[in-house]
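In: Structure, please.
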Amino acid sequence: MKQIKFSVFTVFLLLFHTGFCQFDFKFRNVGPLRGGRVTAVAGTRVEPGTFYLGATGGGVWKTTDYGTTWNNVSDGYFETPSIGAIAVDQQDPNIVYVATGSDGLRSNVIAGKGVYKSINGGETWEHIGLRNAGQIGAIIIHPDNHNVVYVAAVGSAFNANPERGIFKTTDGGRNWNKVLFISDQVGFADVEFLPGNPSTLYAAAWKGERKPWTIISGGDAATEGGIYKSVDDGKTWDKLTAGLPADVIGKIDVAVTPADSKIVYALVEAPEKEGGLYKSVDQGKTFKQISDFGGIRTRPFYYTNLRVDPKNPEVLYALATGNYKSTNGGKDWDYLRPPHGDNHDMWINPDNPKLFIQSNDGGANVTFNGGESWSTQFNQPTSEIYQVEVDNQYPYWLYGGQQDNYSTIAVPSNEPYSIQADQIGYIINTGGCETGPAVPNPVNPNIVYANCKGRFGVFNKLTGEEKAYYVGASYMYGHNPKDLEYRFQRVSPIHVSPHDPTIIYHTSQYVHRTTNEGVSWETISPDLTAFEADKQVISGSPITRDITGEEYYSTIYAIRESPVKAGVIWTGANDGPIYVTQDNGANWSNVTPSKIPKGGRVDAVEPSPHNPAKAYATILRYQVGDWKPYIVKTTNYGKSWELITNGIPDDYPVRVVREDPEREGLLFAGTEYGLFVSYDDGANWESFQNNLPVVPITDIKLHRNDLVMSTMGRGFWILDNASVLQQYDKSNKLSIYSPDKTIRYRMRSYGDAVPDFETGSVLIDYFLPEETKQIKLEIVDAAGTAINTYYRDTTSIDFEESVQRKMETNEFIFLVDKSLSGKKGHNRYAWDMQHFGPWSDNERRRWSSGPMVAPGEYTARITAGENTVETTFELVLDPRAEQTGINQQMIEDQILFAKQVGRLLGDARQLEATLEQKVKDKTADVQEAKSTLAELQAKDITYPMPKLIDQINYLYRMTISTDQKMGKDAIERYEKLKKEFENLMK
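Out: Sure thing, here's the model as predicted:
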């Protein structure tokens, strides 16, 4: 680009920033920056600082600095965020295989979609098959040939399927052979090579299946489980039985070590004292039980993981609810203390056993010293969030239950105040526990109504205390649900009436209501569930009881009162029924859709915010083996229902649907693998993914025209200013959409960091029917004065040729902005709400950093070619600033003063540039020019004395940094600096 010269009077507006324009829509991840459940980790001896983690809903992440930072490497490639196993070739770290589908069979486990391979260390991935293998427990690479790989496939978590067993490829995944298969109900949780002899393998069979009301883990030891061995590369297999449980056997993990290849360990789920650690000293011919210690075998369907030190066969690690270590071959166990409980996987560096990565329900963590200290988990935005609620603060906060956190949490939608640990510090506890929800009081956000597995609490942020008002006040764990007076699911809804903030609903199999924050409750419904007798069982069979409330099947899972008509309340149960009352609970009608198969979980009910007779519901049936999407709609209080899923793929179960409160028929659906939108009340759906990762959307709220979401594996996300969708009509003409009323926030930007906070801006959305090479955006105030003009001309090679000029004043009148998009279709520009700033010799900063414009009405005008469209919008004062006494007149006075100081600063800088050029070119009295420069600019030394330009800039920064009444000293200082500059110009 040619050098452009400026005189003191030139106002050439040039900017090269790209941070203001977001092509299409950009969702923001607002955290929390805290790890979620990780069930797969791996590393490589070739690069000891490189590790991978695989989250149950967060995809694959990589670190190259021992866990100091993590970066996602699976987004854009993987069809599912659920990771079962990872393997890195130990000779070539570029070769990485990932098997999807976590083998921890919780009720909310996300299905796998097969195996992926990278040949460049995770930069890109290729899907290489086994798409229907469901959950995968292990993947191993032949130590001498990375094209030979074995996979242990558990299979579908919720129904029988034939694509399970041990699979092998010899050509890097182009073809797979099933080399070991038992039945369509029995899969394999593990497969291991014999160290030093990869032709010999061990495989652990497992019958594992999830039902909404129970977990099945184990079967007949003779036909449905146990350990198998092959000595011929998987061609044939023998069952190993000597010394192992003979009647019933469940999940097994096999562990071997290069320190002694004759030793084979097995962590075995079996009844009573038969379960525990088994050891073979003859490569599996016979086993002997070493320990039945309960700590190493808690919740075996969820854990059952064992590792052996690669240099010492007596050192073992068992991963379960706790993480235990043995130094005497498993006879005794000591507690290892990773950063979080509920432990799943571990990879030990074969050359340095004190260096390993371990994972749990809080993320993944690396240790250099054998577990004495660990890397942080507050750098992995992989939180599993069950739902989202919002409060009335400025900026507003998002609330929800985070899987395996002792409290529900809240994070802000944007930076609320300054703290030092800003990226991890904006996460607070809000009562209850992991399952949530956490519902802020609509009037007072310091009060949060929180749930912990059916226990209702009132949390006060100011005191940090929580009042307990449990319905029934009875401890539920361990019961057969049929014996409970009140059946509360782990995720028990709390809903505040949209008509009266003192009315709060809470649900078991009944609807409970309080008007005094839980001090007393009234039950306003009969049992609104199906309550089928064969589903009321003690969960966990045939070996291990597992009764945490997650399996209580006949409970109310969703409740909403109509925002249009008080007393119209809808409920949905996790065993299928939908009910409605039109008289505030006096009478209830069973309006369950007759054409939908029985037994699905009603994950969400959504009364229309426009019509009291209209409602929507989502029915989740994948937990009973039905992967179809189900969204139903009624317009007559449930007398009839219509299935509305056209456009959503057949294997995308739907968790939540919400209707826009401003535009009737504008719907958003959160599915197992992303977000969808409908503009015609559900008749047609289309993907609305944009930059969202593939992840289950668990809940959606429309708040202040933002689209706010929670996800099961990637935290909270926000789409700012979704109001453009309320105006969208799919017409193929030049259009500009009215921006939402925008609060005049002062915020700083974090770029792509998490939380993804942005500077305050007005989002201006426009549609171009065809690509436009010349486009202009003007911002005009209520008096008709142009505040900003931005221009882009892609036909011009030289910026000088793209500049227009007021001939009468010789002033350039717009800023050339590369981020102003002229591409066909929807475009978004984020106006920073600033006047143009002072001139700078740095072209990237020239005319930037102006004072923020005043609150008021503005017009945005787009010109594309010969056509122009415009719209108006309003900026409103930050309510927090208003509370401190700031008013409109103060701001206008401040802007006027800042412009004066800014002009002075720009003039001084241009004088400086002119004099420097004269000195360089020797076109004037050099000594005189140098003398003037000495008054303008500081010497190039450490701690120089500030000169005139520094002093003016100091005053300018002081003037524009915040909203305030201008001080007397600042005004007097400006007059003094102005006189000093005028004297220099003489």
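
In: C-alpha only now, for contacts and for neighbours.
Out: Fine.

In: Can you list the low-confidence ranges for this structure?
Out: Where the chain drops to pLDDT under 70, the residues are 1-23, 749-752, 796-814.

In: what's the first-to-last distance across stretch 108-119?
Out: 32 Å (CA to CA, to the nearest Å).

In: can you count the residues close to the residue nearest to Asn584 when sequence neighbours are not counted?
Out: Spatial nearest neighbour of Asn584, chain neighbours left out: Gly567 (3.8 Å); criterion: CA to CA, 6 or more residues apart in numbering. For Gly567, the neighbour count with other CA atoms under 10 Å is 18.

In: swap in Ser961?
Out: 12.

In: Look up how far Arg746 lies from it.
Out: In terms of CA to CA, Ser961 sits 9 Å off from Arg746.

In: Kindly report the same for Val366.
Out: 38 Å.

In: And these two? Which one has more around it.
Out: Val366 (26 against 18).

In: ok, now which ones touch the more buried one?
Out: 66-67, 355-358, 374-375 (CA atoms under 8 Å, 6 or more residues apart in numbering).

In: Let me have those residues in JSON lines, extended by secondary structure and distance to Leu777.
Out: Output for these, formatted as JSON lines (DSSP: H, G, I helix; E, B strand; the rest coil; distance: CA to CA, whole Å):
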{"residue": "Tyr66", "secondary structure": "coil", "distance to Leu777": "47"}
{"residue": "Gly67", "secondary structure": "coil", "distance to Leu777": "45"}
{"residue": "Leu355", "secondary structure": "coil", "distance to Leu777": "56"}
{"residue": "Phe356", "secondary structure": "strand", "distance to Leu777": "55"}
{"residue": "Ile357", "secondary structure": "strand", "distance to Leu777": "52"}
{"residue": "Gln358", "secondary structure": "strand", "distance to Leu777": "53"}
{"residue": "Trp374", "secondary structure": "coil", "distance to Leu777": "52"}
{"residue": "Ser375", "secondary structure": "coil", "distance to Leu777": "48"}
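
In: Tell me where the stretch 751-900 of the chain has strands.
Out: 762-768, 774-781, 786-793, 805-806, 811-812, 815-817, 825-831, 856-864, 867-877 (DSSP state E, counting those that start in this stretch).

In: Which one, of those, ends up nearest to Asp969?
Out: Nearest to Asp969 among those is strand 867-877; the distance by CA to CA comes to 25.9 Å.

In: Direction included, what does that closest one pair up with?
Out: When pairs are called by DSSP bridges, strand 867-877 turns out to pair with strand 742-744 (parallel), strand 856-864 (antiparallel).

In: Next SSE downstream of the biggest helix by length in the chain?
Out: Of all the segments of type helix in the chain, defined by DSSP state H, the longest one is helix 888-921. Counting by DSSP states H and E, the next helix or strand C-terminal to helix 888-921 is helix 926-936.

In: counting contacts, what elements does the longest helix of the chain pack onto?
Out: Where contact means 3 or more CA pairs under 8 Å, 6 or more residues apart in numbering; DSSP states H and E, helix 888-921 is packed against helix 926-936, helix 948-960, helix 968-985.

In: Mean neighbour count and distance to Gly172 for those - can I get that in a markdown table?
Out: What follows is the helices and strands packed on helix 888-921, written out as a markdown table (neighbours: other CA atoms under 10 Å; distance: least, CA to CA, whole Å):
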| stretch | mean neighbour count | distance to Gly172 |
| --- | --- | --- |
| helix 926-936 | 16 | 68 |
| helix 948-960 | 19 | 60 |
| helix 968-985 | 13 | 71 |
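
In: export the strands of the stretch 751-900 of the chain to JSON lines and tack on distance to Ile419 and mean neighbour count?
Out: Converted to JSON lines, these look like this (distance: least, CA to CA, whole Å; neighbours: other CA atoms under 10 Å):
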{"stretch": "strand 762-768", "distance to Ile419": "25", "mean neighbour count": "23"}
{"stretch": "strand 774-781", "distance to Ile419": "34", "mean neighbour count": "20"}
{"stretch": "strand 786-793", "distance to Ile419": "33", "mean neighbour count": "20"}
{"stretch": "strand 805-806", "distance to Ile419": "45", "mean neighbour count": "12"}
{"stretch": "strand 811-812", "distance to Ile419": "41", "mean neighbour count": "16"}
{"stretch": "strand 815-817", "distance to Ile419": "33", "mean neighbour count": "23"}
{"stretch": "strand 825-831", "distance to Ile419": "26", "mean neighbour count": "19"}
{"stretch": "strand 856-864", "distance to Ile419": "31", "mean neighbour count": "19"}
{"stretch": "strand 867-877", "distance to Ile419": "23", "mean neighbour count": "17"}
